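Student: Sharing a model prediction with you, sequence too.
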Amino acid sequence: MNHLYIPETDRTLYLPSDLSECDFRQYIEMAALILRYQCAEIDYHALRVQAVYKLLNMKRGKGTIDDDNKFANIYQLSQLIDSFFETNDDGQKVIKQYYINNPLPYFADGLSKFYGPSDEFNNIKFGEYVDGLSHFMDFNATGDVKYLRLLLAVFYRRPMNAIIVKTLKQLDKFNGDVRCAYNPASVGKRAENFKNVHIGIVYGFYLLFASFQKYITTAVLFIENKEIDLSVLFNESEGGKHKESNLPGVGMKGLMYSFAESGIYGDMDKVQQLPLWEALVHMYHLHKKAKDYEANQPK
């Protein structure tokens, strides 16, 4: 976080260093700018300058004799926006995505509030993750904004009735997730209703999901004092090189069907309700068993 002291007004302003430091307003404003930049509507210089105004909640005033000095200061501040980006192997500027805290816990659309995933996606079920991943990959393949709304509609839902929440708490069965249960059949209609949602929210959640996806493909968990490296589920090493596995996308949906066919967790409905992190650990267990079997086969 950058601390900017303004002596003329004796104020200190706070300019985030990356998306993880943005509050709700800053995050959606920045996400909207990043989308415009990636769609080539603005260049990188314009992105930096506009980001300063948006992040500091400043408005462009009328021209004055101090314009040259003001613009020089804005340009100097705009260089701090570089910290939001890194350079990839192709020499392109890409947004840094190393956060899994949700800066968009909920948003209001008209008279309704829609609640999303908790930090680290701890309240996500296997079924909604698989459906969300499908829309995520469809957007990456097509660039069609309708898949962003579908992705948002998978994870953001109205809260349960307060009486139901109170009852669950009394029965000690409340898991902290206030959202109504996930129903794939309702996603399309909800996505249609999200057409007027601020694009910064729509694209902002895509950025969060992308960051989470990056995290789980490299995550190392510690369970019963044992290290569980989830990266092996998403890539395999061959001759020192890494190749993509078939787990993301259709592969994940295939695994969901395999779980249901095995009956280890019950039918498909129960498999879909399986907590995501539990499903990932089980996938790791199956992967390890297969590798152990291969290692014990005669050469």
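Tutor: It's in. Numbers count the residues shown, from 1 in each chain.
Student: which residues does Ile199 contact?
Tutor: Ala31, Ala32, Leu35 (C-beta atoms under 8 Å, 6 or more residues apart in numbering). Every residue, glycine included, has its C-beta placed from N, CA and C.
Student: any chance of those residues in CSV, with pLDDT and neighbour count too?
Tutor: Below are the contacts of Ile199 laid out as CSV (pLDDT from 0 to 100; neighbours: other C-beta atoms under 10 Å):
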residue, pLDDT, neighbour count
Ala31, 96, 26
Ala32, 96, 19
Leu35, 94, 19
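Student: Nearest to Leu207 among those?
Tutor: Using C-beta to C-beta, Ala31 comes nearest to Leu207 of the contacts of Ile199, at 5.8 Å.
Student: Wait, the closest one touches His198, no?
Tutor: No: using C-beta atoms under 8 Å, Ala31 makes no contact with His198, being 9.1 Å away.
Student: Please parse this structure into its domains.
Tutor: The chain breaks down into these domains under automatic domain parsing: 2-62+70-85, 106-204, 220-295.
Student: most neighbours per residue, which of those?
Tutor: domain 106-204 (a mean of 17; mean count of other C-beta atoms under 10 Å).
Student: First residue to last residue on that one, what's the distance there?
Tutor: Across domain 106-204, the terminal residues are separated by 12 Å (C-alpha to C-alpha, to the nearest Å).
Student: With stretch 18-30 instead?
Tutor: 10 Å.
Student: what does it contact?
Tutor: Contacts for stretch 18-30 (C-beta under 8 Å, 6+ apart): 1, 16, 31, 51, 54-55, 57, 83-84, 95-99, 101, 103-104, 198, 200-201, 204, 207, 211.
Student: Repeat that for stretch 217-224.
Tutor: Contacts of stretch 217-224 (C-beta under 8 Å, 6+ apart): Glu227, Ile228, Asp229, Leu230, Ser231, Leu233, Phe234, Asn235, Val281.
Student: Sort out for me which of the residues you listed are in helices.
Tutor: Using DSSP state H, the members of these that fall within helices are Val281.
Student: I'd like the distance from stretch 184-202 to the chain centre, please.
Tutor: 16 Å (C-alpha atoms, centre = their mean, to the nearest Å).
Student: got the residue ranges for the strands in the stretch 151-299 of the chain?
Tutor: Secondary structure of the stretch 151-299 of the chain by DSSP state E, counting those that start in this stretch: the strands cover 220-223, 226-229, 235-238, 241-244.
Student: Also the stretch 1-150 of the chain?
Tutor: 2-6, 11-15, 85-87, 93-95, 106-109, 112-115.
Student: distance between the last one and the chain's centre?
Tutor: In other words, strand 112-115. So, by C-alpha atoms, centre = their mean, the centroid of strand 112-115 is 18 Å from its chain's centroid.
Student: now the fifth one
Tutor: Here strand 106-109 is found 16 Å from its chain centre; the criterion is C-alpha atoms, centre = their mean.
Student: just for the stretch 51-200 of the chain, where's the confidence low?
Tutor: 61-68 (pLDDT under 70).
Student: and Gln97, how many residues sit next to it?
Tutor: Counted with other C-beta atoms under 10 Å, the neighbours of Gln97 add up to 19.
Student: I'd like to check which residues are in contact with it.
Tutor: Leu19, Leu207, Ala210, Ser211, Lys214.
Student: Columns pLDDT on top of those, output as CSV?
Tutor: Below are the contacts of Gln97 laid out as CSV (pLDDT from 0 to 100):
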residue, pLDDT
Leu19, 94
Leu207, 95
Ala210, 93
Ser211, 93
Lys214, 88
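Student: and those, which are buried?
Tutor: Leu19, Leu207, Ser211 (16 or more other C-beta atoms under 10 Å).
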